[in-house]
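Peer 1: Okay, predicted coordinates and the sequence, questions at the end:
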Amino acid sequence: MPSPQPEALQGSGWAPYCGAAPVPGELAGRWNLDPTLIAVLGLACVAYALHRRRGGEGRDAVFAGAVAVLAVAFVSPLCALSSALFSARIVHHALLVAVAAPLLAFGLPRSRFGFGLGLAASTALHAVALWTWHAPAPYAWALSHDLVYWLMQATLLGSAVAFWSAVRRAGGLPAAAALAATLVQTGLLGALITFAGAPLYAPHVATTLAFGLTPLEDQQLGGLIMWAPMAGAYLLVALGLVGRSLAPAREAGRVA
């Protein structure tokens, strides 16, 4: 990732969807009550309830968990904090792709969100979305225009739901291999961000000091979050799938 030019690192004039970067004292009151956002979340719940009432397949608690995670990401003060801290933005993205997306993929019918993509294609698409939106220029663009911001969120969440849906359909060792590939590319991206020698993300250059972090420290923290906890989520699921795949062989060995 090339570093932005110094004149780009002014840290002012940004108008992110979640509002201007807060200071710690005002963070608790910075809930995002955008009526359009609230309406979309509400309509999603209504649509799911109608689907279930008509006898459709679904897992109510899992779907409710997905909506709750989306509310934390977009309604709670985390939304505002992600305007100030790159590390908070990474937490926000991790909630989308590693928590909300698998809950949606596993809480809704198998065929609902596959987008017609196979396991390899959905894995590649998810990787492209992650790398694209964590490159400095597209990232800064998304924090400058609301439409681009929602394009970023939609492509991250959509590609992640397609990926997790393909994992659900494939199961076993193929799904574990796709998860391992995603773990590797996510970890590599996190490492590149962590070990960058200069701040890469212009929107946060002037907003981190209020939280006791230099821009570079905030960026390093964000990279570490992507490198370890976020990538670790893929590892845990992959290990679970491998263990489940090997269980019949172990059982057959005991019988023999």
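Peer 2: Everything's here; your move.
Peer 1: pretty sure residue 24 is touching residue 210, no?
Peer 2: Yes: the criterion here is CB atoms under 8 Å, and residue 24 meets it with residue 210 at 6.3 Å. C-beta: built from backbone N, CA, C; applies to glycine.
Peer 1: Those two: which is more packed in?
Peer 2: Neighbour count, other CB atoms under 10 Å: between residue 24 and residue 210, residue 210 has more, with 15 against 11.
Peer 1: Once you drop chain neighbours, what's closest to the more buried one?
Peer 2: When the adjacent residues along the chain are set aside, residue 210 lies closest to residue 23, with 4.7 Å between them (CB to CB, 6 or more residues apart in numbering).
Peer 1: Helices along the protein, start to end?
Peer 2: 35-53, 60-74, 78-84, 86-95, 101-107, 119-133, 136-142, 146-170, 172-194, 215-225, 231-255 (DSSP state H).
Peer 1: Return the angle between stretch directions for the second one and helix 35-53.
Peer 2: If I follow you right, that is helix 60-74. Per axes from the mean of the first three to the mean of the last three CA atoms, to 10 degrees, the angle that helix 60-74 makes with helix 35-53 is 170 degrees.
Peer 1: Give me the buried positions along helix 60-74.
Peer 2: Counting neighbours by 16 or more other CB atoms under 10 Å, one finds that the buried residues in helix 60-74 are 63, 65, 66, 67, 69, 70, 71, 72, 73, 74.
Peer 1: List just the nearest of those residues to residue 86.
Peer 2: Using CB to CB, residue 73 comes nearest to residue 86 of those, at 15.5 Å.
Peer 1: follow-up on the earlier one: ok, which of the helices of the chain comes nearest residue 17?
Peer 2: Short answer: helix 146-170, nearest of the helices of the chain by CB to CB, at 4.3 Å.
Peer 1: So which elements touch the closest one?
Peer 2: If contacts are counted by 3 or more CB pairs under 8 Å, 6 or more residues apart in numbering; DSSP states H and E, helix 146-170 sits against helix 101-107, helix 119-133, helix 136-142, helix 172-194.
Peer 1: got those helices as CSV, with distance to residue 150 columns?
Peer 2: As requested, these are exported to CSV (distance: least, CB to CB, whole Å):
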stretch, distance to residue 150
helix 101-107, 16
helix 119-133, 12
helix 136-142, 9
helix 172-194, 22
